[in-house]
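> Structure for this input, please:
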Amino acid sequence: MDILVGINGAEVIATIFYAFLGLVLMIVSYVIIDALTPFSLHEELSGKANTAVAIVMGSVMISLAILIANVINS
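Okay, here's the model as predicted:
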């Protein structure tokens, strides 16, 4: 039980909150991008297996994750 001595409950709750906040922001950004594109992202990614769309969406999600992490850490 010596491992749990240095853990602060408020830090754990804040980490869980920010994890869910980041997840919600990523989902909302996916929905917004899907609404702005003239085609269905879900159909292109899962139905047609469009590699180009997958690479673009992956890079968008990685860049959003970096931005969200920097906002949370500042």
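> burial measure for L41, as a count.
The number of residues packed near L41 is 19, by other C-beta atoms under 10 Å. From N, CA and C alone the C-beta is placed, and that goes for glycine too.
> how near is it to L21?
23 Å (C-beta to C-beta, to the nearest Å).
> Tell me the buried residues in the longest helix along the chain?
Taking DSSP state H as the criterion, the chain has its longest helix at helix 9-36. Buried residues in helix 9-36, counted by 16 or more other C-beta atoms under 10 Å: G22, Y30.
> What mean pLDDT does it get?
Here helix 9-36 scores 87 as its mean pLDDT.
> Next: stretch 46-60.
On average, stretch 46-60 scores 91.
> starting at the chain centroid, how far to it?
Computed by C-alpha atoms, centre = their mean, to the nearest Å, the chain-centroid distance of stretch 46-60 equals 16 Å.
> same thing with stretch 30-37?
14 Å.
> How about stretch 31-41?
On C-alpha atoms, centre = their mean, the centre of stretch 31-41 falls 17 Å from the chain's centre.
> first vs last residue of that stretch, how far apart are they?
9 Å (C-alpha to C-alpha, to the nearest Å).
> Other residues contacting that stretch?
Stretch 31-41 is touched from outside by Y30, H42, V53, M57, V60, with contacts defined as C-beta atoms under 8 Å, 6 or more residues apart in numbering.
> Apply 7 Å and report the result again.
With contacts defined as C-beta atoms under 7 Å, 6 or more residues apart in numbering, stretch 31-41 is touched by V53, M57, V60.
> List the residues that contact the second one.
I take that to be M57. Here M57 is in contact with L41, L45 (C-beta under 7 Å, 6+ apart).
> hmm, back to that, now secondary structure and distance to N8 too, for the contacts of stretch 31-41, in TSV please.
Shown next, in TSV, are those (DSSP: H, G, I helix; E, B strand; the rest coil; distance: C-beta to C-beta, whole Å):
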residue	secondary structure	distance to N8
V53	helix	42
M57	helix	37
V60	helix	34
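> All set now, cheers.
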